Structure formats: structure tokens, C-alpha cells
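A.B. asks: Sharing a model that was predicted from the sequence below.
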Amino acid sequence: MISGKMTLAAILIFLSASVTVYSLPHPRITDQSLYNFPFISREEWGANLAQGATTDLNTPVPYVVIHHSYQPGACNSTDECSRAMRSMQNYHQFGNGWSDIGYNFAVGSDGQAYEGRGWGLVGAHAVGVNTLSIGIVQIGDWIATVPPEQQLQTTKQLIAAGIEMGIISPNYKLIGHRQVKNTECPGEALFAEISTWDHFDSEF
């Protein structure tokens, strides 16, 4: 009888530990030392907590999708870009009813990358390829003008970091949001720019 109780206790302890491990949040990669560009975490820009369920991303992903925010417009400092991030997150959560900001990352005209859903979670930025991609938004309206060079360079470095960490496939395809949906996003000027980048897929 004692051994039966002990066995039951051991089972309960094992199950408790299993549930605890299963319920841990998906690990995030936010250590600045891992990046050769300025990286601003969710905590640093003042993100809300995710509202509801999130889904882990199966990696490596075969696509990177480029967007522009249109509104909010271009931001040129950590304070301005953090406000833009909070604005987008609030709209996505409380306007669209999504669990979180839709993009995996954002890049500002200050040359800094801002963590959205991050590397490990499925975004809500491009219907049909959300589970297959990392979505990166260029904060600003890039219909008529191209983002500053430092903004573009950080975007390229962010993609390279994703490849280095095994999250983006080395053979990934780069596409603009308009190739997935009937939209002008990521803006005519920005789309023309990314069409010159390595890995751009004009036939998607």
C-alpha cells in the first residue's frame, strides 16, 4: 500500500513537471550581443502582453515578407519608433482583435530593429504565408520615397541574423506584401528597392 502511494506520488510529480515544461513561454532571442545592429526588445518599447493564444513557428521558414506601415509614418529615434510600435500593436490588438502586433519585427528610420512577435511565433501579416515566413515592416510610408540606407541595411542584417540562427532558410525567398494580397504594401518605392535584393522572388 505504501509503495502504491509512493508510485502515485511519483506519477503526480512527473505530470506536474511535464505540465510546467509544456506551459513555458516560447524562448525569445533578445540578447543584444547576438546582433551586429541595434535591437530593441518588446520590454524596451513598452509592448502589451499578447492577448490569447500564440502559435510556435516551424523553422527554418522559406519566406521573408516585407511590409511598410504607411501609418504611423517614419520614425527617427527610439522614442518615436517605440510610440509607433505601441500604436501598431494597439490597432492590431484592439482594432483587429488579434492576439498581438502582426509583424515579427519592425525597422525604423533610426536604423534600429524592433521586436514584434519575434523569431519563434507565427505572425499575422500575410494571409496564406504567415506560418511560412518572417514578416518585417518598415515603419513609414514608402510609396514615393525609399527608406534611409540605415533602415534598409538593418533589415538586411536582421535577415542575415535569422539565417545564422537557423530560423530563416539559407535559400529563402524575399517577397513584398503585395505579392500575397491585393494591396499597395510595401509601397511602390520600397517594392522597387527590394526587387533588387538577393533572394527576391519576382515569380511568387
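C.D. replies: Structure's in. What do you need?
A.B. asks: which is the next helix or strand following the helix or strand of the chain with the lowest mean pLDDT?
C.D. replies: Using mean pLDDT, DSSP states H and E, the weakest-scoring helix or strand in the chain turns out to be helix 2-22, at a mean of 40. The C-terminal neighbour of helix 2-22 among helices and strands, as given by DSSP states H and E, is strand 39-40.
A.B. asks: same for the next helix or strand after that next one, what does it pack against?
C.D. replies: Once the chain leaves strand 39-40, the next helix or strand it forms, by DSSP H and E, is helix 42-45. The contact analysis (3 or more CB pairs under 8 Å, 6 or more residues apart in numbering; DSSP states H and E) places helix 42-45 against helix 78-90, strand 113-115. For the C-beta atoms, the positions are set from N, CA and C on the backbone; glycine is no exception.
A.B. asks: in stretch 96-103, what's buried?
C.D. replies: For stretch 96-103, a neighbour-count test (16 or more other CB atoms under 10 Å) marks W98, S99, D100, I101, G102, Y103 as buried.
A.B. asks: ok so, going back, do you know which of the helices and strands packed on helix 42-45 lies nearest I168?
C.D. replies: strand 113-115 (13.9 Å; CB to CB).
A.B. asks: Quick check: mean pLDDT of that closest one?
C.D. replies: Mean pLDDT, strand 113-115: 98.
A.B. asks: Next secondary structure after that strand?
C.D. replies: Counting by DSSP H and E, what follows strand 113-115 is strand 133-138.
A.B. asks: Just the CA trace of that following strand, in CSV.
C.D. replies: C-alpha atoms of strand 133-138 as CSV (Å, rounded to 0.1, in the frame of the first residue of the first chain):
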residue,chain,number,x,y,z
SER,A,133,7.5,33.4,-43.1
ILE,A,134,9.1,36.1,-41.0
GLY,A,135,7.3,39.4,-41.6
ILE,A,136,9.3,42.6,-41.3
VAL,A,137,7.6,46.0,-41.5
GLN,A,138,9.5,49.2,-42.5
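A.B. asks: Quick check: which helices or strands does that strand pack against?
C.D. replies: Counting contacts by 3+ CB pairs under 8 Å, 6+ apart, strand 133-138 is packed against strand 61-68, strand 105-107, helix 149-164.
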